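J.: The following block contains a protein sequence and its predicted model.
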Amino acid sequence: MRAASSKRPAILVVDDDADLAATLREFLAQEGFIAETALSAEEALFLQERNPHFALALVDLIMPVTDGLTLMERLHERNPDLAVLVMTGYATIETAVEAIKRGAEDYLTKPFDYHAVQKKIARLVEIFELRERVEQLEANLACCPSFESFIYVSPVMQRVVDRARAVAATDASVLLLGETGTGKEMLARAIHAAGPRAKGPFVPVNCGSLPRELVESELFGIRRGAFTGAYRDTPGILAAASGGAVFLDEIGEMPKEAQVKLLRVLQEGELRPVGSSKPVQVSVRVISATNRPLAELRGEQLREDLYFRIATVVIDIPPLRNRVEDVLVLAQHFTSRLSRRYGRGITLAGSAWELLCGYSFPGNVRELENILEGCAALSKDAPQSITDKDIRPLLSQPATVPSTVAEKTLSLDELERVAMQRALRVCQGNRTKAASLLGISRDTLYRKLKQFDLGS
């Protein structure tokens with residue numbers, strides 16, 4: 001089984017015999033692996049510190065100063081999962097068996113039977129790649145939400161999710177527009193998880209947080225010797241995402257020089273690491289995002305040709321103030337989650353609902369979640385009823401009367417009634433799912449349905 005990237009895992013070779021170490025490095029290179037050699041335990045530990053993700057290590061048992069068994073223990077202190085093959089002469093087979101008892105995976109006898117070496121290395125590398133794949137899938141499950149994870153009842157968000165579902169099934173580049181806190185990365189992860197590259201990595205990067213002088217090396221990688229301090233080849237973010245997707249948040253902050261190189265990746269499927277004249281093939285889906293207006297992004301921040309490449313499909317996520325009915329279900333969802341986390345009942349009083357529905361949420365969904373968590377963290381009441389007095393000090397700006405005509409004409413009861421109706425529509429009439437979406441119990445849902453005359 002191969003990893004998602006085309007690059008094979010790196011292998012550490014440790015032997016004080018420089019000729020033998022060089023021979024092993026050449027053999028491993030012929031097998032398609034990257035091998036780094038060390039002539040002492042100290043050098044091996046230095047290499048491991050620089051690259052903690054070696055797939056396995058080939059370690060000679062008999063070395064001056066620090067022997068192979070001691071080195072193996074020190075390597076395992078840093079990475080308990082590192083597979084170690086000990087290398088020994090015929091006269092020390094008993095020592096090799098002892099090494100296995102102390103944590104080595106297997107041993108190789110000198111002089112080498114290179115066919116046997118190849119088989120043992122292939123087996124351990126396959127185990128390493130399987131472990132990497134399991135970790136990636138677990139990470140995807142933990143951090144990549146599905147579209148069912150989105151909490152909403154507003155028609156405008158339904159259109160956003162429908163559009164995202166449709167593009168997820170393709171390999172098209174996507175540009176997400178939305179203010180800070182609207183959930184752009186969450187939507188990008190859902191698109192990746194529902195797409196044809198779901199088994200590949202999802203690599204997020206905030207282009208605005210990268211130092212301008214390091215943007216190209218971070219994105220496209222470095223070839224050894226490209227500049228002082230570049231002691232080894234370093235794959236960039238795009239190479240790490242090959243086979244999966246890269247999420248370029250705040251794409252407009254990317255320098256124009258890097259935009260030219262990114263355009264080549266999108267057009268040709270290849271990149272050139274800094275300091276290299278040879279292209280590297282990559283296959284990566286690009287999902288971008290910005291909190292800037294589209295006209296500003298196109299006219300000032302992005303090259304026109306790059307814009308058309310990254311914006312095959314544009315999805316605009318509306319701010320929370322434009323979908324006030326979602327405030328209700330999101331607040332219910334967050335308070336239910338906080339109740340479970342803190343082990344006590346946490347609800348919202350009517351005054352809190354009124355205040356939240358009249359607030360503009362400049363920080364959007366993220367701000368709503370932080371406000372409610374702040375209220376819960378500052379109280380020990382059990383049960384706790386969050387009021388407007390608890391919330392008001394945590395608002396980043398004064399709450400005002402909702403601005404749109406539709407919001408002005410809806411009372412809290414009417415908003416709750418609309419939220420119930422839309423939750424049932426989103427859940428296709430399934431009341432258990434609707435109750436879960438609204439963050440309330442089924443009994444409460446049935447009571448509210450009767451109160452609003454929405455059916456028994």
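T.: Happy to help now that I have it. Residues are numbered from 1 along each chain as shown.

J.: For the rest of this, base every contact and every neighbour count on C-alpha atoms.
T.: OK.

J.: Against Ser441, how distant is the residue found closest to Ser283 once you drop the neighbours it is linked to in the chain?
T.: Excluding its sequence neighbours, the residue lying closest to Ser283 (CA to CA, 6 or more residues apart in numbering) is Ser242, at 5.0 Å. Distance, Ser242 to Ser441, by CA to CA, to the nearest Å: 44 Å.

J.: cool, and Arg340?
T.: Distance from Arg340 to Ser441, by CA to CA: 14 Å.

J.: For the two, indicate the residue with more neighbours.
T.: Neighbours were counted for Arg340 and for Ser441 using other CA atoms under 10 Å; Ser441 has more, 15 against 11.

J.: Let me see the contact set for that one.
T.: By CA atoms under 8 Å, 6 or more residues apart in numbering, the contact list for Ser441 reads Ala435.

J.: in the stretch 101-250 of the chain, which spans are strands?
T.: Ranges of strands within the stretch 101-250 of the chain are 106-110, 174-177, 202-206, 245-249, based on DSSP state E, counting those that start in this stretch.

J.: sorry, back to before: quick check: the residue nearest to Ser283 touching Val284?
T.: Yes - applying CA atoms under 8 Å as the test, Ser242 and Val284 come out as touching, 4.8 Å apart.

J.: Ala122: neighbour count?
T.: By other CA under 10 Å, 13 other residues sit near Ala122.

J.: burial count for the residue nearest to Leu210 when sequence neighbours are not counted?
T.: Closest residue in space to Leu210, ignoring its immediate chain neighbours: Glu218 at 8.0 Å, by CA to CA, 6+ apart. Using other CA under 10 Å, the number of residues around Glu218 comes to 19.

J.: hang on, the earlier thing: most tightly surrounded among the strands of the stretch 101-250 of the chain?
T.: strand 245-249 (a mean of 25; mean count of other CA atoms under 10 Å).

J.: pretty sure Glu36 is in a strand, no?
T.: Yes - Glu36: assigned to a strand according to DSSP: H, G, I helix; E, B strand; the rest coil.

J.: related to what we said a few turns ago, could the strands of the stretch 101-250 of the chain be laid out in CSV, adding mean pLDDT and distance to Leu214?
T.: Shown next, in CSV, are the strands of the stretch 101-250 of the chain (pLDDT from 0 to 100; distance: least, CA to CA, whole Å):
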stretch, mean pLDDT, distance to Leu214
strand 106-110, 86, 41
strand 174-177, 97, 24
strand 202-206, 93, 13
strand 245-249, 95, 15
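
J.: Show me the one of the ones you listed that comes nearest Glu77.
T.: strand 106-110 (18.7 Å; CA to CA).

J.: How far off centre is the closest one?
T.: A distance of 39 Å separates the centroid of the chain from that of strand 106-110, by CA atoms, centre = their mean, to the nearest Å.

J.: Just give the strands next to it in its sheet, each with its orientation.
T.: Its sheet considered, strand 106-110 pairs with strand 83-89 (parallel) by DSSP bridges.

J.: ok, residues contacting the partner strand?
T.: Under the criterion CA under 8 Å, 6+ apart, residues 55-62, 68, 72, 96, 99, 103-111, 124 lie in contact with strand 83-89.

J.: which ones are touching the nearest residue in space to Gly363 that is not next to it in sequence?
T.: Distances taken as CA to CA, 6+ apart put Gly181 closest to Gly363, at 5.4 Å, once the chain neighbours are dropped. Shown in contact with Gly181 (CA under 8 Å, 6+ apart): Gly363, Asn364, Val365, Arg366, Glu367.

J.: And Thr182, by the same measure?
T.: Taking CA under 8 Å, 6+ apart, we find Thr182 in contact with Ile317, Pro318, Pro319, Leu320, Gly363, Asn364, Val365, Arg366.

J.: For the third one, give its distance to Thr180.
T.: Same thing as Pro319. Plainly put, Pro319 is 9 Å away from Thr180 if you go by CA to CA.

J.: Overlap in contacts, these two.
T.: Asn364.

J.: Of the two, which one has the most company?
T.: Taking neighbours as other CA under 10 Å, Pro319 and Thr180 compare with Pro319 leading, 20 against 17.

J.: right, and that one touches Leu177 too?
T.: No - taking CA under 8 Å as the definition, Pro319 is not a contact partner of Leu177, at 10.3 Å.

J.: Now do the same for Ala4: its pLDDT.
T.: The model reports Ala4 with a pLDDT of 36.

J.: Now do Glu132, the pLDDT please.
T.: Glu132 is assigned a pLDDT of 71 by the prediction.

J.: so what are the domain limits for this structure?
T.: Residue ranges for the domains of the chain, per automatic domain parsing: 10-140, 144-318, 321-451.

J.: Which of those domains has the highest mean neighbour count?
T.: Per-stretch averages of neighbours, counted by mean count of other CA under 10 Å, single out domain 144-318 among the domains of the chain, with a mean of 19.

J.: ok, back up a step: and the contacts of Gly181 as JSON lines, adding distance to Thr88, pLDDT and secondary structure?
T.: Shown next, in JSON lines, are the contacts of Gly181 (distance: CA to CA, whole Å; pLDDT from 0 to 100; DSSP: H, G, I helix; E, B strand; the rest coil):
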{"residue": "Gly363", "distance to Thr88": "62", "pLDDT": "94", "secondary structure": "coil"}
{"residue": "Asn364", "distance to Thr88": "63", "pLDDT": "96", "secondary structure": "helix"}
{"residue": "Val365", "distance to Thr88": "61", "pLDDT": "95", "secondary structure": "helix"}
{"residue": "Arg366", "distance to Thr88": "58", "pLDDT": "95", "secondary structure": "helix"}
{"residue": "Glu367", "distance to Thr88": "61", "pLDDT": "96", "secondary structure": "helix"}
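
J.: Which of those residues sits closest to Lys120?
T.: Among the contacts of Gly181, and counting by CA to CA, the member closest to Lys120 is Arg366, at 50.1 Å.

J.: what's the nearest residue to Asp16 if we skip its chain neighbours?
T.: Take Asp16 and drop its neighbours on the chain: the residue closest to it by CA to CA, 6+ apart is Leu39, 4.3 Å away.

J.: just to revisit the earlier point, JSON lines for the strands of the stretch 101-250 of the chain, including distance to Ile237?
T.: Compiled in JSON lines, these are given as follows (distance: least, CA to CA, whole Å):
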{"stretch": "strand 106-110", "distance to Ile237": "34"}
{"stretch": "strand 174-177", "distance to Ile237": "18"}
{"stretch": "strand 202-206", "distance to Ile237": "7"}
{"stretch": "strand 245-249", "distance to Ile237": "8"}
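
J.: Which one, of the ones you listed, ends up nearest to Lys433?
T.: Between Lys433 and the strands of the stretch 101-250 of the chain, the shortest gap by CA to CA is with strand 174-177, which sits at 28.1 Å.

J.: Identify the residues contacting that closest one?
T.: 167, 184, 188, 286-294, 310-317.

J.: Any stretches of the stretch 351-456 of the chain with poor pLDDT?
T.: 400-415, 439, 455-456 (pLDDT under 70).
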